[in-house]
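Colleague: Got a predicted structure here, sequence first:
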Amino acid sequence: MTATLPDISARIAQRPDVDMVARTAARARNEMLTKPPGALGRLEDLAIWYAGWRGHAAPRVLAPQVIVFAGNHGITGQGVSAFPAEVTAQMVANFQQGGAAINQLARDAAARMDVHALELDRPTEDFTQGPAMSAQDCTAAFDTGWNAVDVTTDLLVVGEMGIGNTTSAAAIAAALLGGSGADWVGRGTGVDDDGLARKAEVVDRGLAANPSRDPLAVLAALGGREIAAMAGAIARARSLRIPVVLDGFICSTAALVLHRVDSDAVAHCLAGHLSAEGAHARLLNAMGLEPLLDLGLRLGEGSGAALAIHIVRAALACHSGMATFDEAGVADG
Ligand SMILES: Cc1cc2ncn([C@H]3O[C@H](COP(=O)(O)O)[C@@H](O)[C@H]3O)c2cc1C
Ligand SMILES: O=C(O)c1cccnc1
């Protein structure tokens, strides 16, 4: 049987809700902890959010997983990146040898890290000429992401590597949120003004060549395998009630596809950071997400999200480890 995009829809629909009992218990616990109400700011919201998804009033982050997906893009032939397409495969080797930024950040966050290279010797088609991927290719990439999630993990970071993919991400954002290429492209790996204008024009041609605005059709037409795989992993995490930390601009477009299928499909996601890629803030805003960190990163690979693991873990260390007013014999005002 030929795989079709409805196969993806069916899996996105496997969506357990947040555990309201655990969330309510976590909120009650938060109110009893030895601190003035609200004094831990967003850490408190983070802990309650996480507790609801994990179904436990006082959980910890013990087994985070970072997954990096890599794919090659046909549009690199249009001169949309400051780096050549071969860098994708070279960086995959670097990930495997432990030499990339994400290797250090994953290790520093005590996270397991997995790398999935998706058919690097078969780049997607140039989307200015028609769809980047067939429904079957897109579904296969989504499956790779779906199957890459460790069912025992308790916090998932998805990241990507794919020269040219800021152009693909901008095209997805434009198709799903409106506007033209110029509204969504950024400098990616560092293209100059000519490169930026070329990216905008490539996105505009991609939008014209691929008229469907159905979210999953957009994913196939303008996405890349690594973007479809991130969408698959995010959806799988939801089916397992595993909270997800989103990374930068590219990762956020994978979440946006799910959000456009059903806005609740990314309720288990949190924005790890705000990328320096200019349109990221608007993208997060469209999903109602507020980034945790703002460090001027513009790397991808899951780097900003991996940094945010520390914050989520710290939030749960306080929430689950602190004494209550009663336990500590502190007057609660
Ligand atoms: C050495 C190197 C390592 C990277 N790690 C992530 N990216 C990032 O840059 C790429 C997107 O930018 P553009 O659309 O301009 O090609 C993606 O691979 C992304 O993950 C890298 C890029 C390079 C060059
Ligand atoms: O925000 C990102 O994901 C990003 C930005 C620039 C280059 N690569 C990734």
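Modeller: Ah, there it is. Ligands and ions are numbered 1, 2, ... in the order given.

Colleague: Which residue is the nearest non-sequential neighbour of the residue in the stretch 151-300 of the chain positioned nearest to ligand 1?
Modeller: Nearest to ligand 1, among the residues of the stretch 151-300 of the chain, is residue 188, at 2.4 Å (CB to the nearest ligand atom). From N, CA and C alone the C-beta is placed, and that goes for glycine too. Of all residues not flanking residue 188 in the chain, residue 166 sits nearest, at 3.6 Å (CB to CB, 6 or more residues apart in numbering).

Colleague: Surely the one you found is in contact with residue 277?
Modeller: Yes: contact criterion CB atoms under 8 Å: residue 166 and residue 277 qualify, at 6.4 Å.

Colleague: So which bits of the protein are right by ligand 2?
Modeller: Residues of the chain lying close to ligand 2 by CB under 6 Å from any ligand atom are 166, 188-189, 247-251, 275, 277, 280, 298-300.

Colleague: Tell me the residues of the stretch 1-150 of the chain that contact ligand 1?
Modeller: Checking the stretch 1-150 of the chain against ligand 1 by CB under 6 Å from any ligand atom, the hits are 81-83, 87, 91.

Colleague: Among those residues, name the buried ones.
Modeller: 81, 83, 87, 91 (16 or more other CB atoms under 10 Å).

Colleague: Kindly indicate which of the residues you listed lies nearest ligand 2.
Modeller: Nearest to ligand 2 out of those is residue 81 (CB to the nearest ligand atom; 9.2 Å).

Colleague: distance between stretch 15-27 and the chain's centre?
Modeller: Mean-position distance between stretch 15-27 and its chain equals 23 Å (CA atoms, centre = their mean, to the nearest Å).

Colleague: Go ahead and name everything in contact with that stretch.
Modeller: Identification of contacts with stretch 15-27 by CB atoms under 8 Å, 6 or more residues apart in numbering yields 47-49, 51-58, 238-239, 241, 262, 264-265, 267-268, 319.

Colleague: Leaving out the residues flanking it, which one is nearest to the residue of the stretch 101-250 of the chain found nearest ligand 2?
Modeller: Going by CB to the nearest ligand atom, ligand 2 is nearest to residue 248 of the stretch 101-250 of the chain, at 2.3 Å. Here the nearest residue to residue 248 in space, its sequence neighbours aside, is residue 275; by CB to CB, 6+ apart that works out to 3.5 Å.

Colleague: now do residue 182
Modeller: residue 200 (4.2 Å).

Colleague: Count the residues that sit near that neighbour.
Modeller: Look at residue 200: counted by other CB atoms under 10 Å, it has 20 neighbours.

Colleague: Just to check, it is in contact with residue 179?
Modeller: No: Residue 200 is beyond contact range of residue 179, at 10.6 Å (criterion: CB under 8 Å).

Colleague: follow-up on the earlier one: and residue 166 and residue 277? Which one has more around it.
Modeller: residue 166 (28 against 23).

Colleague: Let me see the contact set for that one.
Modeller: Counting by CB under 8 Å, 6+ apart, residue 166 has contacts 80-81, 185-186, 188-189, 199, 249-250, 277.

Colleague: Would the lengthiest helix in the chain count as contacting ligand 1?
Modeller: As assigned by DSSP state H, the longest helix anywhere in the chain is helix 303-321. No: counting by CB under 6 Å from any ligand atom, ligand 1 is not contacted by helix 303-321; separation bottoms out at 7.9 Å.

Colleague: just stretch 267-282 next, same as before
Modeller: No: using CB under 6 Å from any ligand atom, stretch 267-282 stays clear of ligand 1, coming no nearer than 8.8 Å.

Colleague: Following element in sequence after the least confident helix or strand in the chain by mean pLDDT, please.
Modeller: In the chain, no helix or strand scores lower on mean pLDDT, DSSP states H and E than helix 5-12, which sits at a mean of 90. Once the chain leaves helix 5-12, the next helix or strand it forms, by DSSP states H and E, is helix 20-32.

Colleague: list the buried ones in that next one?
Modeller: For helix 20-32, burial by neighbour count (16+ other CB under 10 Å) applies to 22-23, 25-27, 29-30.

Colleague: now do stretch 173-190
Modeller: 173-177, 181, 183-189.

Colleague: again, but for stretch 248-263
Modeller: Buried, per 16+ other CB under 10 Å, within stretch 248-263: 248-261.

Colleague: and the closest residue to residue 309 other than its chain neighbours, what does it touch?
Modeller: With CB to CB, 6+ apart as the criterion, residue 309 has its nearest non-adjacent residue at 4.1 Å, and that residue is residue 109. Residue 109 makes contact with 64, 66, 306-307, 309-310, 313 under the criterion CB under 8 Å, 6+ apart.

Colleague: Could you save these as a markdown table and add columns showing neighbour count, pLDDT and distance to residue 12?
Modeller: Formatted as a markdown table, the contacts of residue 109 follow (neighbours: other CB atoms under 10 Å; pLDDT from 0 to 100; distance: CB to CB, whole Å):
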| residue | neighbour count | pLDDT | distance to residue 12 |
| --- | --- | --- | --- |
| 64 | 26 | 99 | 23 |
| 66 | 29 | 99 | 22 |
| 306 | 29 | 99 | 25 |
| 307 | 21 | 99 | 28 |
| 309 | 25 | 99 | 25 |
| 310 | 17 | 98 | 30 |
| 313 | 18 | 98 | 28 |
